[in-house]
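> Okay, predicted coordinates and the sequence, questions at the end:
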There are 2 protein chains.
Amino acid sequence: MKTASLDALELLFKALADDTRLRILALLAAGEVCVCNIHGALDLPQPTVSRHLAYLRRSGLVSARRDGLWMHYRLALPAAPALAAVLKASLEAVNAASSSTSDRRKLSDLVSIPLKTLNAAAANCCRT
Amino acid sequence: MKTASLDALELLFKALADDTRLRILALLAAGEVCVCNIHGALDLPQPTVSRHLAYLRRSGLVSARRDGLWMHYRLALPAAPALAAVLKASLEAVNAASSSTSDRRKLSDLVSIPLKTLNAAAANCCRT
DNA sequence: GCGCTATATTCGCTTCAACGTATATGGAAA
DNA sequence: TTTCCATATACGTTGAAGCGAATATAGCGC
């Protein structure tokens, strides 16, 4: 097993140690989401969301895909298995939080996908 | 499964998002350790260690036991299963880091316990 | 080219956490 | 009680991180 440095772990935890970023990750657990829908679902100013997404991108926790004007973000598991394991456990814990569900409810309205589908996808995101 | 709030998760990650605290946790993974040996093994000023231990205590990640003049600290798993799972994965990742091993080597000198024993105990600390 | 929209970045400010130093507490031994 | 030792806490300073507001970039349509 590739050994993760303490520094890398510290950076991972710093990235996770913020309420807004945890809420974003919980949304992305359900699949790829557009920036506009993130800031719509979380009801946060667009620059705030953008700054946190940049932070997550620098930390390697998410990746971005451009589609015309829209940017879609999705989860990206770290290369080091130990880090990936930590992240998976963290996502499972985040998914269980009730506020994550209510954020997903709002996202479900915005993208017209049933809440049940989103929740199922989120529950599946950290499998194996 | 008892659901952990996002706030609790954020606090957990804040507690983990510090190099010194990760090194302390890595030592405690090998078992109960006295404050003097922590600041001896990590080669950090005593007030620094004490402050971080207080932080970890407030976060519920460690518990303390007084023995005469000495204070012994040990790991304490959070009550919420989701949080405990995150912590376990984190400890496994921390244990794998090479700097943790060199800290344990120094601890091994201080307490006259073979490094192999400490490493084995640390590897076992997060089992099931 | 121009304007329009979605996203990203910069600026100034405030809040917070870590540090070193010094000091306080709390228990043991004389 | 006095003294000493291990640990904890208080104080003042410093640097990093978050935010709101404003501005910049990047791609699409006209």
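Thanks, I have it.
> Apart from its neighbours in sequence, what residue is nearest A:D7?
If the residues on either side of it in the chain are set aside, A:D7 comes closest to B:D19, at 7.3 Å by CB to CB, 6 or more residues apart in numbering or on different chains. In short, each C-beta sits where N, CA and C put it, glycine included.
> and what of A:S90?
B:V86 (5.3 Å).
> show me what contacts that neighbour?
B:V86 sits next to A:86, A:89-90, A:93, B:9, B:12 when contact means CB atoms under 8 Å, 6 or more residues apart in numbering or on different chains.
> Next: A:V62.
A:25, A:28, A:53, A:56, A:73-76.
> can you tell me how far the residue nearest to A:S90 sits from DNA strand D?
18 Å (CB to the nearest atom of the strand, to the nearest Å).
> Which helix or strand contains that residue?
Taking DSSP states H and E as the definition, B:V86 sits inside helix B:81-96.
> right, and the helix or strand after that helix?
With secondary structure assigned by DSSP H and E, helix B:81-96 is succeeded by helix B:98-111.
> list the helices and strands the helix or strand following that following helix packs on?
Using DSSP H and E, the helix or strand that follows helix B:98-111 in sequence is helix B:115-124. Helix B:115-124 is packed against helix B:98-111, with contacts defined by 3 or more CB pairs under 8 Å, 6 or more residues apart in numbering or on different chains; DSSP states H and E.
> between the helix it packs on and helix B:115-124, how many degrees?
130 degrees (axes from the mean of the first three to the mean of the last three CA atoms, to 10 degrees).
> I'd assumed A:L115 was in contact with A:S108.
Yes. With contact defined as CB atoms under 8 Å, A:S108 reaches A:L115; the gap is 4.3 Å.
> Does the most centrally placed residue in chain A lie in a helix or a strand, and which?
Taking CA atoms, centre = their mean, the centroid of chain A lies closest to A:L25, which sits 1.8 Å from it. In this structure, A:L25 sits in helix A:19-28 according to DSSP H and E.
> Work out the sheet partners of the helix or strand following that helix and label each with its direction, please.
Where DSSP H and E defines the elements, the next helix or strand beyond helix A:19-28 is strand A:33-34. Strand A:33-34 sits in its sheet next to strand A:70-75 (antiparallel), going by DSSP bridges.
> For A:L107, which residues are in contact?
So A:L107 contacts A:27, A:30, A:33, A:37, A:40-41, A:113, A:118 (CB under 8 Å, 6+ apart).
> and which of those is nearest to B:P45?
A:L27 (42.3 Å; CB to CB).
> I'd say the closest one and A:T101 touch.
No. Counting by CB under 8 Å, A:L27 sits too far from A:T101 to count as a contact (11.0 Å).
> and chain A, which residues reach chain B?
Applying CB under 8 Å from any CB of the partner chain, we find that chain A lies next to chain B at A:1, A:3-7, A:9-10, A:13-14, A:16-19, A:22-23, A:82-83, A:85-86, A:88-90, A:92-94, A:96-100.
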